[in-house]
Every structure is written in C-alpha cells, then in structure tokens.
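[1] Predicted model, plus sequence, below.
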Amino acid sequence: MPDDFKEPTYEVTMKLDGSSCTIFRWEGELRVCSRNLELKINEENRDNTFVAVALKIGDKVPEGIAFQGEVMGPGIQGNREGFKEHRFFVFDMFDIKAHEYFDPYTRVVTCDSLNLEHVPILGTDWKAPNSVEEGLALAEGPSINHKIREGLVWKCNEDPSFSFKTISNAFLLKGGD
C-alpha cells in the first residue's frame, strides 16, 4: 500500500423505504421526476403525490439545483413509518450547471437553511465495513418510527460519486413488517 494512502471515510445515512423523487427549478420552471420519468406540473396533475410534494416545497427550490430525495407517507410502500402526510427527505443535491453533487456538509447546511428534511444521518466519518457480514450487521436497526429499517447508504466523503448500500436482512425477510 502506498505511503500516502488514506482510507476513505463515509457519510452513512438511513435508507428510507419510500419512493425516489427529484425536484428542481430550471429556467424558472419548477420540475419534478419520479424514478423513471418527468411529470408535468399542471392543474390536471395536482393530485399526483410527486407533483403535490414539489408544489409544497417549490418556493424553497433555487434555480439550477436538483434535490433528490425520498417521498414517504400515505399510499407509498405501505407507509411503514405511519406518516399522516407526505414528506420529502433529501438524500442528495446536484448543481445542474456545474454537473457536481454537493458535498455532505454543504448539502446538510443547505437543507437546514431552506428548512427541508434530510434523511437521518447516522455518522459522517465512518470507515467501510471489513466484510459483507459486518456491513449487513450494521444495516440492522430501527427506522424513523418503525422497528426495522430498510438499511444504510454509504457515501464516500472523498469521492461523492461513489456510494453503496447495505440492506437489512430483517427488512428483506419480513418485508419490513
């Protein structure tokens, strides 16, 4: 191993069991995407959950920044957390013009300043697990309101383009229930 090698560290967040959503403003227009497609924000679609969430936080979304997050609440993945209304938890932010993800610190500070919810952070300076077994053991634990979480997301602090997930075996075996 080279003398200057530094073991990477990770921001570790809770993997939430919801539906992935991206909300951004481009050329003054608020836009929203589900995991696979962009949805029109118009009167016809106001009852669409993704559109409703985008409209709820739309005033907080600055030009050229994409907020990637998890929509959770009634009608989504069985609403395991028991939320009474739809909530949007940011897990990433992307500067569209610069083609760069925000670093973890800037992402969290930006969410705080805009009063946006962030996925729960379990640690900001963790080392990668030494084995698959260790990674799976760390994935076990409670979620926000449920006794079983889906797992963990590991984002490399030194290279924001690298991440991996560890999924809870209890979640997989019991479907989270």
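    Good, I have the coordinates. All figures in this text were calculated on a predicted structure; none of them were measured in a lab.
[2] contacts, neighbours, all on C-alpha from now
    Will do.
[3] mind checking the longest helix of the protein?
    In terms of residue count, the longest helix belonging to the chain (DSSP state H) is helix 104-114.
[4] Mind listing residues that contact that helix?
    11, 60, 90, 92-93, 117-118, 157 (C-alpha atoms under 8 Å, 6 or more residues apart in numbering).
[5] swap in stretch 66-81?
    Contacts for stretch 66-81 (C-alpha under 8 Å, 6+ apart): 16-25, 50, 53, 61, 82-96, 143-146, 176-177.
[6] What is the most widely separated pair among the contacts of helix 104-114?
    By the measure C-alpha to C-alpha, Lys60 and Asn157 form the most distant pair in those, at 26.0 Å.
[7] Narrow the contacts of stretch 66-81 to just the buried residues.
    16-25, 50, 53, 61, 86-94, 143, 176 (16 or more other C-alpha atoms under 10 Å).
[8] Out of those residues, list just those in helices.
    Per DSSP H, the subset of the buried ones among the contacts of stretch 66-81 in helices is 50, 53.
[9] how about Glu63, what does it touch?
    24-28.
[10] Bridged to it, which residues?
    Glu63 has these beta-bridge partners by DSSP bridges: Arg25.
[11] shouldn't Arg31 be in contact with Asn42?
    No - here Arg31 does not reach Asn42: they are 10.4 Å apart, not a contact under C-alpha atoms under 8 Å.
[12] how long is stretch 137-145 from one end to the other?
    End-to-end distance for stretch 137-145: 20 Å, by C-alpha to C-alpha, to the nearest Å.
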